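1. this one's structure only:
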């Protein structure tokens with residue numbers, strides 16, 4: 001069995017183009033090549049997302065290439081989105097991990113209406129582009145990318161951050177096989193009401209990308225947990241090995257319903273051991289998945305060593321002491337499992353105070 005933790009995955013297509021690739025319309029872009037802002041000189045537009053555009057730029061003080069993400073002008077009219085953009089960029093900038101895209105600096109000029117942050121520029125390709133150009137990946141290549149992004153998520157989860165938009169467009173793969181996760185935590189600000197407040201209906205809020213979002217995230221974006229990121233990464237694994245997301249629908253609602261209710265169906269060529277792994281990651285309920293990125297890494301270590309993955313965390317209610325109106329839940333993990341670095345036991349206490 002190939003070691004999924006090696007530096008360069010076997011059979012990985014070594015070709016690649018600039019990272020952050022999306023279809024962009026340069027005619028309607030806001031910053032022309034040669035524009036200087038905050039000590040950066042814009043060279044070209046390399047990507048555009050829901051919150052901002054990403055440019056290849058040169059940091060003039062150091063003479064290095066960076067990726068510069070600039071908040072869309074349409075978002076500036078909403079102060080909460082501006083604040084969220086800056087807050088989450090600063091939070092991501094506090095993390096330092098080889099498989100997380102590093103944020104260098106955050107800049108704001110309210111008078112000019114410019115808000116941006118710079119990050120490391122990764123020469124390579126998005127995972128989405130890689131699969132589109134070369135087709136489904138080999139088992140070894142897919143598991144190698146999965147392992148790296150799982151370690152990145154484990155680091156983020158350990159520091160209290162949930163990504164909320166793990167998808168192939170946010171995974172950058174360099175020519176040497178190194179993968180990095182981008183846009184950490186920024187999707188918290190991508191709440192869009194698709195039912196007008198005056199219609200009398202409930203507003204549907206979507207955070208993330210429905211093709212890769214966990215069922216609980218689609219139902220209520222405010223209730224996401226680290227296991228929600230595990231689901232999204234599982235959908236990415238399915239995409240890498242099947243060439244498509246795990247579920248499809250004619251409308252967003254149709255897609256969300258299918259992801260929440262329909263069983264997972266694998267194409268015939270899907271590797272057997274990856275089916276078991278993917279099924280666990282794409283479980284409908286968070287409690288049936290790996291708790292977080294660290295537990296997923298432990299499962300991948302076990303898979304590489306030919307061992308069985310650690311069992312799911314079991315949440316067992318513990319009776320409250322007599323006379324105390326309190327509910328205690330304990331998360332139990334098999335203490336004999338080979339999961340390295342993970343806690344053997346975790347306690348969660350919820351108290352209800354009596355009134356009067």
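-> It's in. Note that the structure is predicted; figures quoted are calculated from it, not measured.
2. all contacts plus neighbour counts: C-alpha atoms, from now on.
-> Will do.
3. the stretch 101-250 of the chain: strands as residue ranges?
-> With DSSP state E, counting those that start in this stretch as the definition, the stretch 101-250 of the chain shows strands at residue ranges 103-109, 114-120, 124-126, 171-174, 179-181.
4. redo the ones you listed as JSON lines? Include mean neighbour count and distance to residue 65.
-> Written out in JSON lines, the entries for these read as follows (neighbours: other CA atoms under 10 Å; distance: least, CA to CA, whole Å):
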{"stretch": "strand 103-109", "mean neighbour count": "16", "distance to residue 65": "12"}
{"stretch": "strand 114-120", "mean neighbour count": "21", "distance to residue 65": "8"}
{"stretch": "strand 124-126", "mean neighbour count": "25", "distance to residue 65": "14"}
{"stretch": "strand 171-174", "mean neighbour count": "26", "distance to residue 65": "15"}
{"stretch": "strand 179-181", "mean neighbour count": "25", "distance to residue 65": "17"}
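5. tally of neighbours for the nearest residue to residue 211 once chain neighbours are set aside?
-> Setting aside the residues directly before and after it, residue 211 is nearest to residue 245 in space (CA to CA, 6 or more residues apart in numbering), at 6.3 Å. Using other CA atoms under 10 Å, residue 245 has 18 other residues around it.
6. now residue 245: how far from residue 233?
-> The spacing between residue 245 and residue 233, counted by CA to CA, to the nearest Å, is 11 Å.
7. need the residues touching each of these two.
-> Between them, residue 245 and residue 233 share these contacting residues under CA atoms under 8 Å, 6 or more residues apart in numbering: residue 212.
8. helices along the protein, start to end?
-> Shown for the chain, the helices assigned by DSSP state H span residues 73-76, 79-93, 127-134, 139-158, 215-219, 226-242, 252-261, 272-281, 293-304.
9. right, and those helices - which one's nearest residue 166?
-> Smallest distance to residue 166 across the helices of the chain (CA to CA): 5.5 Å, for helix 226-242.
10. give the other helices and strands that the closest one contacts.
-> In terms of contact count using 3 or more CA pairs under 8 Å, 6 or more residues apart in numbering; DSSP states H and E, helix 226-242 is assigned the packing partners helix 139-158, helix 272-281, helix 293-304.
11. by how many degrees do it and helix 127-134 diverge?
-> If you take axes from the mean of the first three to the mean of the last three CA atoms, to 10 degrees, helix 226-242 sits at 10 degrees to helix 127-134.
12. buried ones in helix 226-242?
-> Counting neighbours by 16 or more other CA atoms under 10 Å, one finds that the buried residues in helix 226-242 are 226-242.
13. okay, residue 284 and residue 161: tell me how far apart.
-> From residue 284 over to residue 161 (counting by CA to CA), the distance is 22 Å.
14. nope, residue 293 is what I was after
-> Counting by CA to CA - residue 293 and residue 161 are separated by 11 Å.
15. the two: who's more crowded?
-> Just comparing residue 293 and residue 161: by other CA under 10 Å the higher neighbour count belongs to residue 293, 25 against 19.
16. what's the closest non-adjacent residue to the more buried one?
-> In this structure, residue 293 finds its nearest non-sequential neighbour in residue 154, 3.8 Å apart by CA to CA, 6+ apart.
17. thought that neighbour was touching residue 290?
-> No. Counting by CA atoms under 8 Å, residue 154 does not reach residue 290; the two are 11.1 Å apart.
18. could you count how many residues lie near residue 152?
-> Number of residues near residue 152 (other CA under 10 Å) recorded here: 26.
19. I misspoke; the intended subject was residue 184.
-> Applying other CA under 10 Å, we find 27 residues neighbouring residue 184.
20. ok, and the closest non-adjacent residue to it?
-> If the residues on either side of it in the chain are set aside, residue 184 comes closest to residue 163, at 5.0 Å by CA to CA, 6+ apart.
21. might one say that residue 244 is in contact with residue 212?
-> No. Checked against CA under 8 Å, the pair residue 244 and residue 212 is beyond contact range at 10.7 Å.
22. the more surrounded of those two?
-> For the pair residue 244 and residue 212, the greater number of neighbours falls to residue 212 (28 against 19), based on other CA under 10 Å.
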